[in-house]
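> below is the structure, and that's it, no one-letter string:
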């Protein structure tokens, strides 16, 4: 027999704690937030270069060990971090490429030689984005990249 | 002055990525939040929940070797949890529908997809503050009511269906 749901109405303490009229307008608050994060956003490229170096090392280890599942998981973890961070720090194309790499790697236990090349293409594409300093949404390039990387993943499987 | 005043809020930010923690903290401080706390994994975060009693937790999902969903379950179900009703925003690069359902079934209050923006985080904070959903205990689940009905008061977009 199914459990009978019990309902609770917790007091909404936050609604009492936070005034909805005495703070800055949303536009002003968001602008302040962007200003507060400006220095961090400028530093992101340095952190990302470290992540890309780790990704490249995992890729080389994977090739050297003829395709270990451990390295594939490591690459997935790094790519997952990169896809979340890239766009958050203004590099939207990095998130697009990171997302494609995650889709390619998720659940994979081993890869063919051609599969390894797919990983290499993604890493080189990320490097190119940083080298060209391609910040911001870049909608037409984003569309093109999604299409090309999608086709690549589909062909290699 | 005609917006939310976040000055008195205490927010705990949980992410294994230091740059992401710093970015979210900067956004929060820009919004006016004065008390922010950080944790790098689910265990550290649960200790922080017990020691600082935050008003809101913003947590990443994947934080190897721990997991944001474990943190949510601890906050909702653990006998040591100081506030099982604590609002939790799950922040993650996983955006597939089955993942969203998994997060909801663990008891998260709101979901925010990475990459994030200051505007999206601001909107999500406001939603969580205004959220009046009751909590439900059924089977192994304890968390905000997962059913979306009777929530038309929270819809902020254009009412295209009105009059249909």
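Nice, I can see it. As the structure is a computational prediction, the values presented were derived from the model and not from experiment.
> give me the neighbour count for residue A:91.
Summarising burial for residue A:91: neighbours were counted as other Cβ atoms under 10 Å in any protein chain shown, giving 27. Every C-beta, even on glycine, is put in place using the N, C-alpha and C of the backbone.
> what backbone torsions are found at it?
Dihedral pair for residue A:91: phi -100, psi 80, per degrees, to the nearest 10.
> same check, this time on residue A:25
Given degrees, to the nearest 10, the pair of backbone angles that residue A:25 has is phi -60, psi 160.
> with adjacent residues omitted, what lies nearest to it?
residue B:3 (4.8 Å; Cβ to Cβ, 6 or more residues apart in numbering or on different chains).
> hmm, the one you found is touching residue A:28, no?
Yes. Taking Cβ atoms under 8 Å as the definition, residue B:3 is a contact partner of residue A:28 at 7.4 Å.
> list the buried ones in the helix or strand bottoming out on mean pLDDT in chain A?
In chain A, no helix or strand scores lower on mean pLDDT, DSSP states H and E than helix A:13-17, which sits at a mean of 89. Buried residues in helix A:13-17, defined by neighbour count with 16 or more other Cβ atoms under 10 Å in any protein chain shown: residue A:14.
> likewise stretch A:15-28?
Residues of stretch A:15-28 classed as buried under the neighbour-count rule (16+ other Cβ under 10 Å) are A:18, A:23, A:24, A:26, A:28.
> ok, back up a step: elements contacting the least confident helix or strand of chain A?
On a contact count with 3 or more Cβ pairs under 8 Å, 6 or more residues apart in numbering or on different chains; DSSP states H and E, helix A:13-17 meets helix B:118-130.
> in the sheet, who's paired with the residue nearest to residue A:25?
When bridges are taken as DSSP bridges, the partners of residue B:3 come out as residue A:23.
> pull the longest helix from chain A.
Of all the segments of type helix in chain A, defined by DSSP state H, the longest one is helix A:38-64.
> after it, which helix or strand is next?
Past helix A:38-64, further along toward the C-terminus, the next helix or strand under DSSP states H and E is helix A:69-88.
> pLDDT of that following helix, averaged?
The pLDDT scores in helix A:69-88 average 94.
> is chain B within reach of the following helix or strand past that helix?
Elements were assigned by DSSP H and E; along the chain past helix A:69-88, the next helix or strand is helix A:92-105. Yes. If you take Cβ under 8 Å from any Cβ of the partner chain as the test, helix A:92-105 does meet chain B, through A:92, A:95, A:99, A:102.
> now, among those residues, which is nearest to chain B?
Nearest to chain B among the residues of helix A:92-105 next to chain B, counting by Cβ to the nearest Cβ, is residue A:95 at 5.0 Å.
> just give me how far the least confident helix or strand of chain A sits from the chain centre.
Using Cα atoms, centre = their mean, to the nearest Å, the mean C-alpha position of helix A:13-17 is found 34 Å from that of the whole chain.
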